[in-house]
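Q: Quick one: sequence and predicted model below, then my questions.
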Amino acid sequence: MASSVSSTFISGHEILKHSMLEDDPNCNSSMSSELEDIKNPRWGPSHKGAQELAQLYSKGKRIQEILSVVVAVALMVVDLCYLIYYFQLESYGVILLSGCTGILSADFSSGLLHWAADTWGSVDLPVLGKNFIRPFREHHIDPTAITRHDFIETNGDNFMVIILPLGYMAFNLSFHTEDQIIHFYAWYCYLFLFSIFISVTNQIHKWSHMYYGLPKWVQYLQDCHVILPRKHHRKHHVSPHETFFCITTGWSNYPLEILQFWKTLEYFIERVTGQKPRADDFKWADKRN
């Protein structure tokens, strides 16, 4: 599992050789026909590490996800009502620009969070480990597990992340004067649309792992690279999962790889802390029997 494919532009052959064939309904196969891979699969729901990680999903975590969705949706409605109330016809250009910058910011932010949780930390960490790092470890050794998660489990953490910016907006829109709100209207549009794109990121991520039963409109958006395409995201799932972290649209991935952005960050963090990138990820991947 720790073998590396270093090229930024990964070939189709390398994807097939070093990642799970997600369009195989058995969810375990790769190009390898080695007996070891048949008895102790490198990926999929039969992988021992994936089974252990799935069992760590707790009732408390489920409650946190439900509350996050409820609170975030309520704040979305409040903020949207205020934005509509203060909308002025000449603001349409501001909204368009806010949408573009919001989706780009969300894509980069998704990559930053994804990279951090994939690369550092451990499932054994108090609170954070089992609740927030665990799903990233499970996803690498059973990528199709996300397709079996319901809406709450798929999206709960993303909704939790946006509670703070949406709450900040709701407070300001409720207590600031009309002049202040109009003055900062562009900023509020950006913050709202950024939050919306963050909230749908993991649903988009889930769709990128679904090879069956996707709505036609989702496939169309993927094919046009408006949202994360399936073939594009497969490059992240080439072991050891060190590239293509952005998962809202994936637009940021090529520029960041050309700049060697993630590898540079990892180099400096390892030099300062002595911690090896993805050490915990490899540990769970090796639990094959």
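A: Cool, the structure landed.
Q: For the chain, just list every one of the strands.
A: With DSSP state E, there are no strands along the chain.
Q: quick one: the closest residue to residue 111 other than its chain neighbours from residue 135, how far?
A: Closest residue to residue 111 apart from its sequence neighbours, by C-beta to C-beta, 6 or more residues apart in numbering: residue 246 at 3.4 Å. Placement of C-beta: from N, CA and C, glycine included. Relative to residue 135, residue 246 is positioned 18 Å away (C-beta to C-beta, to the nearest Å).
Q: These two: which is more packed in?
A: residue 246 (29 against 23; other C-beta atoms under 10 Å).
Q: residues in contact with residue 84?
A: For residue 84, the contact set (C-beta atoms under 8 Å, 6 or more residues apart in numbering) is empty.
Q: how near is it to residue 189?
A: Distance from residue 84 to residue 189, by C-beta to C-beta: 11 Å.
Q: Residue 223 now?
A: For residue 223 relative to residue 189 (C-beta to C-beta), the value is 29 Å.
Q: okay, the two: which has more neighbours?
A: Per other C-beta under 10 Å, whichever of residue 223 and residue 189 has more neighbours is residue 189, with 22 against 12.
Q: And the pLDDT for the more buried one?
A: Note on residue 189: pLDDT of 93.
Q: Also residue 226?
A: 96.
Q: ok, how many other residues are close to residue 82?
A: There are 19 residues near residue 82, going by other C-beta under 10 Å.
Q: That should have said residue 171, apologies.
A: 10.
Q: go on, residue 177?
A: Neighbours of residue 177 (other C-beta under 10 Å): 8.
Q: Then the one 5 residues further on?
A: The local packing of residue 182 (other C-beta under 10 Å) involves 14 other residues.
Q: Contact partners for it?
A: 86, 88.
Q: Could you point out which residue ranges in this protein have low pLDDT?
A: In the predicted model, the chain carries pLDDT under 70 at residues 1-41, 289.
Q: repeat that with 90
A: 1-50, 88-96, 98-99, 144, 211-213, 231, 234, 238-241, 285-289 (pLDDT under 90).
Q: if I look at the residue nearest to residue 111, how far off is residue 201?
A: 9 Å.
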